[in-house]
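>>> need a structure here:
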Amino acid sequence: MKNQTRISRINDEILKEMSQILRGELKDPRIGAMTSVIRVDTTQDLKYCKIYVSVLGGEAEKEKVMKGLKNANGFIRHLIAERVNLRFTPELIFKLDESAEYAIRMEQLMQQISQQTKGSESHDPGE
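Now for the predicted structure:
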């Protein structure tokens, strides 16, 4: 249990630092302002850290951002090593998180269904 809270605190700290790095310190033009860190999962042995990133935009925009992050991986890892007090800095693995876009799409579909059912109720021929 103690180890789990430690991992959770490390995840929170890396997430906070990654957000700051993305917001102000990466100068790569491929990584736009519509990029945000959603979640961080560090393995128990602290060797690997999966960073889930959300990108608003088309497929081409997502690919550009992911290439930019992979390119800047060493620089980002160096910055995290300076800021997060760990003996070994985990290897960073960037993953594209599309859950926000999925939620937006589901919300749009629900609204369409709601509007369609309201429209069909007002035109009910049985009345």
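
>>> since we're on Ala81, how many residues are nearby?
For Ala81, the tally of surrounding residues (other C-beta atoms under 10 Å) stands at 13. No exception for glycine: its C-beta is placed from N, CA and C like everyone else's.

>>> Can you tell me the SS state at Val40?
With DSSP: H, G, I helix; E, B strand; the rest coil as the basis, Val40 sits in strand.

>>> Around Leu92, how many other residues sit close by?
Using other C-beta under 10 Å, Leu92 has 20 neighbouring residues.

>>> swap that for Ile38, sorry
Using other C-beta under 10 Å, Ile38 has 15 other residues around it.

>>> Now do the one residue sitting closest to the centre of the chain against Gly24, distance only.
Closest residue to the average C-alpha location of the chain: Val53 at 2.5 Å, with C-alpha atoms, centre = their mean. Computed as C-beta to C-beta, to the nearest Å, the Val53 to Gly24 distance reads 16 Å.

>>> Ok, Gln111 next?
Going from Gln111 to Gly24 by C-beta to C-beta gives 36 Å.

>>> Over to Tyr48?
Where Gly24 is concerned, Tyr48 sits at a distance of 26 Å (C-beta to C-beta).

>>> Neighbour count: the two, which is higher?
Taking other C-beta under 10 Å, Tyr48 and Gly24 do not tie; Tyr48 has more neighbours (12 against 8).

>>> Next, the contact list for the more buried one, please.
Contact partners of Tyr48, counting by C-beta atoms under 8 Å, 6 or more residues apart in numbering, are 42, 90-91, 93.

>>> most neighbours, which of these?
Pro90 (22 neighbours).

>>> Help me confirm that that residue comes into contact with Gln44.
No - with contact defined as C-beta atoms under 8 Å, Pro90 and Gln44 do not form a contacting pair (11.0 Å).

>>> Show me the domain layout of the protein.
Per automatic domain parsing, the structural domains of the chain span 2-96, 99-127.

>>> With respect to burial, which of those domains scores highest?
By mean neighbour count, with neighbours taken as mean count of other C-beta atoms under 10 Å, domain 2-96 ranks first of the domains of the chain at a mean of 15.
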